[in-house]
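Q: Turn this into a model:
(one chain, ligands or ions: 1)
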Amino acid sequence: MKEMEQPVLSVRNLHKQYGSGCAACRDARRERLLKNYCPACGTVYACQDISFEVFGGEILGVVGESGSGKSTLMKCLYFDQEVSAGEAYLYAYQEGRQNIFAQSAQQKRYIQNHLMGKVYQNPLDGLRMNFSSLGNIGEKLIAAGHRHVGRMEARGRELLAHVNIPEYRVKEAPKSFSGGMQQRVQIAKALSNHPPLLLLDEVTTGLDLSVQASVLDLIKMIQRDFKISMVIVSHDFGVIRMLADRTMVMLDGRVIEHGLTDQVLEDPQHSYTQQLVQSLL
Ligand SMILES: Nc1ncnc2c1ncn2[C@@H]1O[C@H](COP(=O)(O)OP(=O)(O)OP(=O)(O)O)[C@@H](O)[C@H]1O
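A: Numbers count the residues shown, from 1 in each chain. Down below sits the predicted model:
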């Protein structure tokens, strides 16, 4: 019998709140929230009880309006923020037997440096603007324990060529690049250690439409060439439709719908998803 495929990432009951809560909003009293916000104490319930899996080579899209909790979810997954509760398992880490949220700071750094890549909406968060593009990739390789300068440079050149940075510009710093080129360097950097999982947070937001299209094409090409699993967050269902195999719709910190992207598009169940799909027509 064929063994069940193990998920690359499995997230269970992830919860993130900003604030300690009060008698009016704790436990089962969440119906008293205004969207994700407790008017009595100001606590924000940014992510509530989020569970999902990502399988080998697939793209999971996360779509939702501003403030629905998408970026918080990504920050928690990449340890940019501590979760308030919940568990996550990466198959590449101890064969998925250890909750990565419960690991030491050192182990979390190991996971960040070897097993995950993240591409931020704002290139300032993912790149050192004054380092050369090759230097940015070198930094990530050094953090993962590489020391051989020649091999690191060769890897950097190979990756930058893959994301279409011209060979003659690889020693330039990203600060002199266009927004689209900066995102390409971020993607190359995130890929440098062959991570099994890539997290992309609103990576095309703010780019011109034609530049957006070229970055989306690049993401599709990377998935095809490297068979890498991805979680892609966007407020734009058009982006998710183009890239994601499965889609999770978030509203007010909760997942309100989850399914194959085609299914969600053809037969949206929740009224909010219906509005999102309508807006695409
Ligand atoms: N550091 C923080 N302190 C308090 N509340 C926060 C903090 N960061 C985010 N929030 C709140 O958490 C909620 C979710 O924010 P988040 O940035 O995850 O949403 P989003 O769906 O990514 O939206 P956007 O695309 O606009 O960033 C929002 O209500 C936001 O105000």
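Q: Can you tell me which residues in the protein are near the ligand?
A: Counting by CB under 6 Å from any ligand atom, the chain comes close to the ligand at 18, 36, 44, 46, 64, 66-72, 235. The C-beta positions use only the backbone N, C-alpha and C, and glycine is treated the same way.
Q: quick one, longest helix in the protein?
A: Ranked by residue count, the top helix of the chain under DSSP state H comes out as helix 209-226.
Q: buried set for that helix?
A: Within helix 209-226, the residues that count as buried by 16 or more other CB atoms under 10 Å are 211-212, 215-216, 218-219, 222-223, 226.
Q: Ok, stretch 241-249 next?
A: Judged by neighbour count using 16+ other CB under 10 Å, the buried positions of stretch 241-249 are 241-249.
Q: now, which of those lie within strands?
A: 246-249 (DSSP state E).
Q: between those residues, which is nearest Phe101?
A: Phe101 lies nearest to Met248 out of those, by CB to CB, at 18.9 Å.
Q: which residues does the closest one bridge with?
A: Beta-bridge partners recorded for Met248 (DSSP bridges): Val62, His258.
Q: Quick one: residues contacting it.
A: 52, 60-63, 255, 257-258 (CB atoms under 8 Å, 6 or more residues apart in numbering).
Q: Please apply the same query to Val8.
A: By CB under 8 Å, 6+ apart, the residues touching Val8 are 54-56, 90-92, 196-197, 229.
Q: try 10 Å
A: Val8 sits next to 53-58, 60, 89-92, 96, 115, 196-197, 228-231 when contact means CB atoms under 10 Å, 6 or more residues apart in numbering.
Q: The longest helix of the chain packs against which elements?
A: Counting by 3 or more CB pairs under 10 Å, 6 or more residues apart in numbering; DSSP states H and E, the packing neighbours recorded for helix 209-226 are strand 59-64, helix 149-162, helix 179-191, strand 197-201, strand 229-234, helix 237-243.
Q: switch to 8 Å and redo it
A: Judged by 3 or more CB pairs under 8 Å, 6 or more residues apart in numbering; DSSP states H and E, helix 209-226 is in contact with helix 179-191, strand 229-234, helix 237-243.
Q: Packing partners of the longest one?
A: When contacts are defined as 3+ CB pairs under 8 Å, 6+ apart, helix 179-191 sits against strand 116-119, helix 123-126, helix 133-143, helix 149-162, helix 209-226.
Q: middle-most residue in the protein, spatially?
A: Nearest to the geometric centre of the chain sits Leu199, at 2.5 Å (CA atoms, centre = their mean).
Q: rewinding a little: of all the buried residues of helix 209-226, which comes closest to Val11?
A: For these, the closest approach to Val11 (CB to CB) belongs to Gln223, at 20.1 Å.
Q: didn't that closest one look like it was pressed against Met230?
A: Yes - if you go by CB atoms under 8 Å, Gln223 and Met230 touch, sitting 6.4 Å apart.
Q: who touches both of those two?
A: Joint contacts of Gln223 and Met230 (CB under 8 Å, 6+ apart) are 59, 243.
Q: sorry, back to before: confidence-wise, which of the helices and strands packed on helix 179-191 is weakest overall?
A: Out of the helices and strands packed on helix 179-191, helix 209-226 stands lowest, with a mean of 91 (criterion: mean pLDDT).
Q: Just want the angle from it to strand 59-64.
A: Computed by axes from the mean of the first three to the mean of the last three CA atoms, to 10 degrees, the angle separating helix 209-226 from strand 59-64 equals 140 degrees.
Q: Can I get helix 209-226 in PDB? Just the C-alpha atoms.
A: Taking C-alpha atoms only, helix 209-226 is exported to PDB below (Å, rounded to 0.1, in the frame of the first residue of the first chain):
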ATOM      1  CA  LEU A 209       1.300  45.700 -13.100                       C
ATOM      2  CA  SER A 210       3.900  44.600 -15.700                       C
ATOM      3  CA  VAL A 211       6.600  44.200 -13.000                       C
ATOM      4  CA  GLN A 212       4.000  42.300 -10.900                       C
ATOM      5  CA  ALA A 213       3.400  39.900 -13.800                       C
ATOM      6  CA  SER A 214       7.100  39.200 -14.200                       C
ATOM      7  CA  VAL A 215       7.600  38.500 -10.500                       C
ATOM      8  CA  LEU A 216       4.600  36.100 -10.500                       C
ATOM      9  CA  ASP A 217       6.000  34.400 -13.600                       C
ATOM     10  CA  LEU A 218       9.300  34.000 -11.700                       C
ATOM     11  CA  ILE A 219       7.500  32.400  -8.700                       C
ATOM     12  CA  LYS A 220       5.800  30.000 -11.000                       C
ATOM     13  CA  MET A 221       9.100  29.100 -12.700                       C
ATOM     14  CA  ILE A 222      10.800  28.500  -9.300                       C
ATOM     15  CA  GLN A 223       8.100  26.200  -8.200                       C
ATOM     16  CA  ARG A 224       8.300  24.300 -11.500                       C
ATOM     17  CA  ASP A 225      12.100  24.100 -11.500                       C
ATOM     18  CA  PHE A 226      12.800  23.500  -7.800                       C
END
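Q: Sounds good, over and out.
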